[in-house]
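Sequence plus predicted model, see below.
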Amino acid sequence: MYVVVAQGSDAGPTLVDVDASGVETGRVTVPPDDLARTVREREAARPRWVWANTAAAYPPLLAAGTRVERCVDLRLCHAILRSSALTAASALAQAPASGWDAPRSRPPVPAAQDGLFDLAPAPAATLDPVAELRAQLDAVGHAGSEANRQNLLLAAESAGALVAAELTAAGVPWREDVHDALLSDLLGPRPAPGYRPRVLEERARDVRRLLDAPDLNPDSGPELLKALRHAGLGVSSTRSWELKDIDHPVIGPLLEYKKMSRLLAANGWHWLDTWVAGGRFRPTYVPGGVVTGRWASDGGGALQLPHQVRDAVRADPGWKLVVADAAQLEPRILAAMSGDAAMATAGRAADMYEGIVAAGAVETRTHAKYGMLGAMYGGTQGVSGQVLPQLTRAFPRAIGLVEQAARTGERGDVVSTWLGRTSPRPAADAEDAGPRGEWSERSGTQADLARARSWGRFTRNFIVQGTAAEWALSWMAILRQQLYALTLRESGAAGAATAPGAAAATSPDFRAGPHLAFFLHDEVMVHTPAHLADEVGELLRASAAEAGRLLFGPPGEAGVEFPVTVAIVDSYADAKD
DNA sequence: TCACAGGGCGCC
DNA sequence: AGGGCGCCCTGTGA
């Protein structure tokens, strides 16, 4: 059932067999060099591998050609169970903070060195993963009738950790030559270090001339603001959206400077040198890195990859990129969570916002879109605020759910996602705010009300964003298994002469067949041999539907559909409409 | 010289 | 006066 990978002695890691009720049934110490081979052999029995931290344990296995199907990431699951409202009464939740609560460390914790070991925080190696697994099994028991949901969340979170490590190992196929040509085209040739590219330098000169500010550094906000005001422009900031409606000759060159400067700084040649090697962009994903359950990324800015450079993402020769995007994921999630049949019906339309118009709730698609976004984010101004009453009349259960989440947050209480990820409590330390302390310690001040409303917007969005993240994790977990099954099938066809039973010892690398290459909250990219692209596209649709059933049950009368748009392309730039 | 906050902007 | 992020740059204070 479970095989716990524990840090043993210098002799190597210890593998501890544990049954479903937490009872140890055997253990063995493995020489470090044999770990990957041993895991590969044991994988045939499909155990759930249990380790402290997938990000540390799994990459070495992958590097040795060992893929695993299932795991428990104790650190990630601990974080969920510690704060979950479903398991609040458990010993795990009640215990004081331990090494399992340590924040993730960006660089791996260096080994304790002579004399300093007692000053270092408890390293993961000193924690007992078997005891932690038992504590987690016990905690889930406290969820009672909700144990299934909690288990589903833990499984999804752990599967996500496997996916994240595999995404980094696979990398995004990246054509450095295309990226370089794109940069040269927009900015001019790569300059010597310390110099601006030609186009950027020309725009900077234009801006200085048109503002009559010969020494202006356009990268300096304060300098730029001063120069703009001196030229008679009544601006309060240097933000592009504030500048773009102003009629002055400097605006054009300035906006172009900002755009190009951003490209250079964020995804220019330096980024290319740092993050792309051997034809792959390998970002680090951080599962659970956002409180809502969304992933974060650490270095490389994977989750902010601008559309400007996506043309450099190209399938390998003979391969294709299959890009799938969940259409209007968050409003559909809200419809499913709330059981709002009218909104589910609106979601039957290929475009949910058109469905909302067709239902007679609002007049235009734009009103539907901004109204729904406003409802989920807590917008009160402009179009969102205007159409909210109409949406509330048409979809009382859906809107009521987010309104209730907002009220709960304003009171200072916690909310939970569909699978039971629970929001943090608001910081209670507003009093130590220094000079303002004397009037913020009384409740009911303007600042208190603003803070409460802000936290209400957070909890309002938390339930939707967090549940959407759970859906996306489930989607990827299902997809990951199906893609690997396809890889196994293909390799079996190629090696038909191999004796039955020999397959396990020679399981193919997951990168030999269709595999996940990129993830972006509600969008995934699969890199696949071209002849399988259509089949992969169908898997992407089917797994999205299955993720919906896994979370919300079979789509009955009020069933919500989760359609995905699928594009089979050579270049990522061609995937968007 | 370094760490940090804030402006600004990229993504969902 | 709209939720969640990461990263670059500048300016400031230790």
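That came through, no problem. All values derive from a computational prediction rather than experimental measurement.

Closest to the centroid, which residue in chain A?
The residue lying closest to the centre of chain A (CA atoms, centre = their mean) is A:Trp295, at 2.7 Å.

That one and A:Gly289 touch, don't they?
Yes. Contact criterion CB atoms under 8 Å: A:Trp295 and A:Gly289 qualify, at 5.7 Å. For every residue, glycine as well, the C-beta is placed using N, CA and C.

wait, what's in contact with the residue nearest to the centre of chain A?
A:Gly160, A:Ala164, A:Tyr285, A:Val286, A:Pro287, A:Gly288, A:Gly289, A:Leu303, A:Ala469, A:Phe519, A:His521 (CB atoms under 8 Å, 6 or more residues apart in numbering).

Show the contacting residues for the third one.
A:Tyr285 makes contacts with A:Ala164, A:Leu167, A:Thr168, A:Trp295, A:Ala296, A:Ser297, A:Asp298, A:Ala302, A:Phe519, as judged by CB under 8 Å, 6+ apart.

Using CSV, write out the CA atom coordinates for the host helix or strand of the first one.
Here A:Ala164, judged by DSSP states H and E, is contained in helix A:147-170. Backbone C-alpha positions of helix A:147-170 (Å, rounded to 0.1, in the frame of the first residue of the first chain) are rendered in CSV as follows:
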residue,chain,number,x,y,z
ALA,A,147,-13.0,12.2,4.5
ASN,A,148,-13.4,11.3,0.8
ARG,A,149,-13.2,14.9,-0.3
GLN,A,150,-10.2,15.5,2.0
ASN,A,151,-8.5,12.4,0.6
LEU,A,152,-9.2,13.5,-2.9
LEU,A,153,-7.6,16.8,-2.3
LEU,A,154,-4.5,15.1,-0.7
ALA,A,155,-4.2,12.8,-3.7
ALA,A,156,-4.6,15.6,-6.2
GLU,A,157,-2.1,17.8,-4.4
SER,A,158,0.4,14.9,-4.3
ALA,A,159,-0.2,14.0,-8.0
GLY,A,160,0.4,17.7,-8.8
ALA,A,161,3.8,17.5,-7.1
LEU,A,162,4.7,14.6,-9.4
VAL,A,163,3.4,16.5,-12.4
ALA,A,164,5.4,19.6,-11.4
ALA,A,165,8.7,17.6,-11.1
GLU,A,166,8.0,16.0,-14.5
LEU,A,167,7.2,19.3,-16.1
THR,A,168,10.6,20.6,-15.1
ALA,A,169,12.3,17.4,-16.2
ALA,A,170,10.6,17.6,-19.6
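
what helices or strands is that helix leaning on?
Other elements packing on helix A:147-170 under the criterion 3 or more CB pairs under 8 Å, 6 or more residues apart in numbering; DSSP states H and E are helix A:54-63, strand A:71-73, helix A:74-83, helix A:129-141, strand A:285-286, helix A:446-494, strand A:515-519.

Can you pull the poorly scored residue ranges out of chain A?
A:104-125, A:428-444, A:493-506, A:556-558, A:577 (pLDDT under 70).

for chain A, what spans make up the strands?
Using DSSP state E, the strands of chain A run over residues A:2-6, A:14-18, A:24-29, A:48-51, A:71-73, A:172-173, A:276-277, A:280-281, A:285-286, A:296-297, A:319-326, A:515-519, A:523-529, A:564-569.

DNA strand C: which of those is closest?
Among the strands of chain A, the nearest to DNA strand C by CB to the nearest atom of the strand is strand A:296-297 (3.4 Å).

Walk me through which strands that closest one pairs with, and which way each runs.
Strand A:296-297 sits in its sheet next to strand A:285-286 (antiparallel), going by DSSP bridges.

for the partner strand, the distance to its chain's centre please.
With CA atoms, centre = their mean, to the nearest Å as the basis, strand A:285-286 stands 7 Å off its chain's centre.

quick one: that strand near DNA strand C?
Yes. Residues of strand A:285-286 contacting DNA strand C under CB under 7 Å from any atom of the strand: A:Val286.

Contacts only, for A:Ile246.
When contacts are counted by CB under 8 Å, 6+ apart, A:Ile246 touches A:Leu233, A:Val235.

I'd like to know how far it sits from A:Ser297.
Per CB to CB, to the nearest Å, A:Ile246 is found 35 Å from A:Ser297.

same check, this time on A:Leu224
Taking CB to CB, one finds A:Leu224 at 30 Å from A:Ser297.

Repeat that for A:Pro253.
If you go by CB to CB, the gap between A:Pro253 and A:Ser297 works out to 33 Å.

how close does A:Arg280 sit to A:Arg175?
As judged by CB to CB, A:Arg280 and A:Arg175 stand 11 Å apart.

actually A:Val68, not the one I wrote
Computed as CB to CB, the A:Val68 to A:Arg175 distance reads 31 Å.

More neighbours: the two, which one.
Neighbour comparison, A:Val68 and A:Arg175: the larger count goes to A:Val68, with 21 against 18 (by other CB atoms under 10 Å).

Would you agree that one is in contact with A:Ala161?
No. Taking contacts as CB under 8 Å, A:Val68 lies outside contact range of A:Ala161: 11.0 Å.

what sits in contact with each of these two?
By CB under 8 Å, 6+ apart, the residues touching both A:Val68 and A:Ala161 are A:Tyr58.

got a list of contacts for stretch A:36-50?
Residues contacting stretch A:36-50 (CB under 8 Å, 6+ apart): A:1-5, A:15, A:18, A:30, A:60-61, A:64-72, A:74, A:129, A:133, A:504-505, A:507.

so how many other residues sit close to A:Gln94?
Neighbour count for A:Gln94, taken as other CB under 10 Å: 11.
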